[in-house]
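In: everything below, folded, please.
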Amino acid sequence: MKITREEVKNVAALARLEFTPEEEELLTEQLDQILQYMDQLNRLDTANVEPLAHVIDIVNAFRDDVIKHEPCPDLLLKNAPEREGNFLRVPKIIE
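Out: Sure thing, here's the model as predicted:
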């Protein structure tokens with residue numbers, strides 16, 4: 001598969017990118033090499049290969065969500081100017 005310079009110019013125009021002629025030539029060569037490699041990978045026989053989500057087995061490394069030191073509302077709100085149940089009472093600011 002050979003990518004042409006015109007195709008590179010077209011994609012650059014769609015992406016609203018401007019390249020110098022030297023950059024266009026370099027990108028044409030690089031993209032052509034990438035596409036040749038992808039074509040080489042496409043020719044591999046993968047019929048007996050199981051699909052993977054990840055190369056290694058990943059397990060959840062998170063700990064259980066357990067409360068160790070539950071806060072005491074009475075101690076937390078001891079110095080509050082006003083309180084309503086287990087909540088801090090504040091003046092209404094929206095009318």
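
In: quick one: the strands in the protein, in order.
Out: Using DSSP state E, the strands assigned to the chain run over residues 83-84, 87-88.

In: the last one pairs with which strands?
Out: What that stands for is strand 87-88. In the sheet, strand 87-88 lines up against strand 83-84 (antiparallel) (DSSP bridges).

In: what lies in contact with the strand it pairs with?
Out: Strand 83-84 is contacted from outside by L77, R89, using Cβ atoms under 8 Å, 6 or more residues apart in numbering. Quick note: C-beta positions are derived from backbone N, CA and C, even for glycine.

In: and if you look at stretch 5-21?
Out: Here stretch 5-21 has contacts from E24, E25, L27, T28, L31, using Cβ under 8 Å, 6+ apart.

In: now with 10 Å, please.
Out: For stretch 5-21, the external contacting residues (Cβ atoms under 10 Å, 6 or more residues apart in numbering) are I3, T4, E23, E24, E25, L26, L27, T28, E29, Q30, L31, D32.

In: and it, which residues are buried?
Out: For stretch 5-21, the neighbour count (16 or more other Cβ atoms under 10 Å) marks V8 as buried.

In: and that stretch, how far apart are its ends?
Out: 10 Å (Cα to Cα, to the nearest Å).

In: from the chain's centroid, how far away is it?
Out: Here the centre of stretch 5-21 is set off from its chain's centre by 27 Å, with Cα atoms, centre = their mean, to the nearest Å.

In: picking that back up, now compare the contacts of stretch 5-21 and name the two farthest from each other.
Out: Spatial extent of these (Cβ to Cβ) is set by the pair T4 and E23 at 15.5 Å.

In: between the two, who's got more neighbours?
Out: Between T4 and E23, counting by other Cβ atoms under 10 Å, E23 is the more crowded of the two (13 against 10).
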